[in-house]
Structure formats: C-alpha cells, structure tokens
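In: Quick one: sequence plus predicted model below, questions after.
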Amino acid sequence: MSKASYKSRLRELFQGKGKNGLLFNRFLLVVNILAIFLFLLEPAIEIDITFHAMEIFFGCLFLAEYLGRLWVADRRISFFFGLINLLDLIVIASLFTPVLIGNFGFLRVVRSLRILRTYRFLTVLETPNSWFKKNEDVVTSSLNLFVFIFIMTDIVFVMQADKNDSINSYVDALYFTLTTLTTTGFGDITLHGSTGKLVAILIMVFGITLFVKLARDIIRPSKVHYECPDCGLLRHDYDATHCKHCGRTIHIETEGG
C-alpha cells in the first residue's frame with residue numbers, strides 16, 4: 001500500500017463520518033476519559049512506578065494521536081500553531097516530564113486542559129438528533145465550569161498544600177474552591193499571602209460568571225433547535241422571528257406564546 005493510501009485511510013479515521021471514523025473517535029474518546037480520571041485521582045493516590053507507567057502509556061497514546069493528526073493535516077504549520085493542538089503538546093509534555101526530570105506540582109494543572117480535547121471528540125461524534133446536539137449549550141457551559149473548578153482546585157492545592165495548615169488534601173482545596181465559587185464562604189479555610197487572595201478573587205469573579213451562565217442555559221438556552229423549512233438551519237436565537245441565514249419567518253414556541 002502506498003504512502004498516499006495510508007494517509008488517506010488515517011485521515012478517514014480522524015476526520016471521517018463513516019463507520020470506521022466514528023468507531024475510531026469513540027475509542028479515542030474512551031481513552032481520553034480514562035486519562036482524565038487518572039488525572040483526577042492523582043492528588044488522592046500514592047505516586048509510584050505503576051502510576052508513572054500509566055503516565056507514559058497515556059503520553060505515548062496522545063503523542064501517537066498528535067503525530068497522526070499532524071501527518072494528515074492539510075496545512076501543518078496552521079495545525080501546529082492551533083490553540084487546541086498546542087495545548088495537546090503541553091499535556092503530552094506534562095506526562096513525560098515527571099518521569100524524565102522530576103515531579104513538578106504545577107504539571108497537574110495543565111493536564112486538565114485535556115478535557116478540551118474531549119469536547120472536540122464529542123463534536124465529531126454528534127449527529128443532528130443526538131442528545132449532545134440538542135443540549136449543546138448546557139453541555140458546553142457545564143464543561144467550562146468543570147474545567148474551571150478543576151484548574152482552580154489544582155492551583156489552590158499546589159500553591160497552598162505545603163504552607164497552609166488548613167489544606168491537607170485535594171478535598172480541602174476542592175472544598176475551598178466550591179465554597180468560594182458559591183459565595184458560601186464559611187471561613188474555616190482561607191488562602192495565605194497576597195497570591196492566595198488573588199486566586200480567591202479569580203475564583204469568585206470568573207467562577208460565578210460561569211455558574212450563572214450554566215444556570216441560564218439550563219433555564220433558558222441562548223439557542224434553540226428548530227429546523228428552518230427553507231435552508232435547514234437548526235440553531236436560532238431564543239426569541240428569533242426570522243431565520244438569520246435565509247430570512248424566512250419562523251415560528252419558535254416560547255414561554256410567551
């Protein structure tokens with residue numbers, strides 16, 4: 001088989017909407033979810049040779065996936081400098097660095113960025129009638145909030161665990177993040193130093209914004225799904241009276257009528 005044939009088959013796996021492409025992307029989605037669970041468990045388990053072996057395993061899988069996407073990309077320079085692909089490289093580096101150099105606490109933070117790739121897999125697998133497609137706004141807002149909580153909890157744990165007697169575990173850091181995010185603020189855990197106060201401010205300002213957006217999308221989505229009879233556009237503004245693509249009058253059912 002020629003090089004071009006291999007490349008064409010690999011492109012079909014990564015980008016195709018056929019049976020093989022969907023199965024391959026489902027496999028990658030499962031691998032990605034397993035890796036995220038590993039990242040979530042990391043602060044709560046003992047780091048030993050088995051854990052490092054799993055890091056290398058997922059690192060090799062992600063590196064092979066990245067190189068495959070790079071090989072089949074039409075414009076490799078644009079692919080390399082794409083934001084999601086640069087984040088993939090950072091995550092891959094974070095999986096190999098602890099074994100080769102040493103365990104750096106801040107690397108745990110960047111690994112959560114792999115969640116963004118999970119979202120990409122979901123968009124590839126979606127169909128017009130899929131649950132994900134119908135609830136895209138809620139899923140996206142939930143994912144953004146989850147990523148934010150995960151990253152901020154990691155930052156709190158990495159920054160405060162060694163110098164704050166109130167934060168002795170990842171659960172303590174998560175507890176502080178959620179009580180700050182929800183403005184409950186029991187006051188039993190506080191962050192030390194000016195940097196800690198700045199982190200708390202970031203959690204309150206950006207976290208509450210994401211939380212409110214999620215609540216709004218659940219109660220009243222910013223987009224509704226209604227297929228325009230003329231052009232087939234599926235997503236429209238909640239209060240739209242005309243299709244923004246073709247201008248046809250549309251009749252979206254709302255709470256007001």
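Out: Sure thing, it's come through.
In: biggest helix in the protein by residues?
Out: helix 193-219 (DSSP state H).
In: Quick check: which helices or strands does that one pack against?
Out: helix 136-160, helix 170-181 (3 or more Cβ pairs under 8 Å, 6 or more residues apart in numbering; DSSP states H and E). Backbone N, C-alpha and C define where each C-beta goes, glycine included.
In: low pLDDT regions in the stretch 1-150 of the chain?
Out: For the stretch 1-150 of the chain, the stretches with pLDDT under 70 are 1-2, 16, 43-47, 99-110, 112-113, 115-116, 118-137.
In: picking that back up, quick check: buried residues in the longest helix of the chain?
Out: By neighbour count on 16 or more other Cβ atoms under 10 Å, the buried set for helix 193-219 is 196, 199-200, 203, 207, 210-211, 213-214, 217.
In: thinking again about what came up before, let me have the helices and strands packed on helix 193-219 in a markdown table, extended by distance to I189 and mean neighbour count.
Out: Formatted as a markdown table, these follow (distance: least, Cβ to Cβ, whole Å; neighbours: other Cβ atoms under 10 Å):
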| stretch | distance to I189 | mean neighbour count |
| --- | --- | --- |
| helix 136-160 | 9 | 20 |
| helix 170-181 | 5 | 20 |
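In: Can you check which of the ones you listed gets nearest to R9?
Out: Comparing the helices and strands packed on helix 193-219 against R9 with Cβ to Cβ, the closest turns out to be helix 136-160 (30.3 Å).
In: name the helices or strands packed onto the closest one?
Out: helix 107-111, helix 114-125, helix 170-181, helix 193-219.
In: Out of these, which is closest to N144?
Out: Nearest to N144, of all the helices and strands packed on helix 136-160, is helix 193-219, at 5.6 Å by Cβ to Cβ.
In: Mind checking the pLDDT average for the closest one?
Out: Computed over helix 193-219, the mean pLDDT rounds to 82.
In: and the angle from it to helix 136-160?
Out: 160 degrees (axes from the mean of the first three to the mean of the last three Cα atoms, to 10 degrees).
In: show me the contacts for M152.
Out: 177, 199, 202-203, 207 (Cβ atoms under 8 Å, 6 or more residues apart in numbering).
In: ok, 6 Å please
Out: 177, 203 (Cβ atoms under 6 Å, 6 or more residues apart in numbering).
In: neighbours around F96, how many?
Out: By the measure other Cβ atoms under 10 Å, the count of residues near F96 is 14.
In: Over to N164?
Out: As a burial measure, N164 scores 20 neighbours (other Cβ under 10 Å).
In: part of a strand, is it?
Out: No. Using DSSP: H, G, I helix; E, B strand; the rest coil, the secondary structure at N164 is coil, not a strand.
In: What backbone torsions are found at it?
Out: Main-chain dihedrals, N164, degrees, to the nearest 10: phi -120, psi 110.
In: and the residue lying closest to it once chain neighbours are set aside, how far is that from D162?
Out: Spatially, and ignoring its direct neighbours in sequence, N164 is nearest to H192 (5.2 Å; Cβ to Cβ, 6 or more residues apart in numbering). Distance, H192 to D162, using Cβ to Cβ, to the nearest Å: 11 Å.
In: cool, A173 as well?
Out: Counting by Cβ to Cβ - A173 and D162 are separated by 12 Å.
In: One more: Y175?
Out: Separation of Y175 from D162 (Cβ to Cβ): 18 Å.
In: other SSEs contacting the one helix or strand L95 maps to?
Out: Secondary structure from DSSP states H and E places L95 in helix 83-100. Applying 3 or more Cβ pairs under 6 Å, 6 or more residues apart in numbering; DSSP states H and E, one finds that helix 83-100 contacts helix 49-72, helix 107-111.
In: What residues of it count as buried?
Out: 85, 88, 91-92, 94-95, 98.
In: Likewise for stretch 69-78?
Out: 69, 72-73.
In: could you redo those as JSON lines and give each row distance to G247?
Out: Output for the buried residues of stretch 69-78, formatted as JSON lines (distance: Cβ to Cβ, whole Å):
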{"residue": "R69", "distance to G247": "38"}
{"residue": "V72", "distance to G247": "38"}
{"residue": "A73", "distance to G247": "37"}
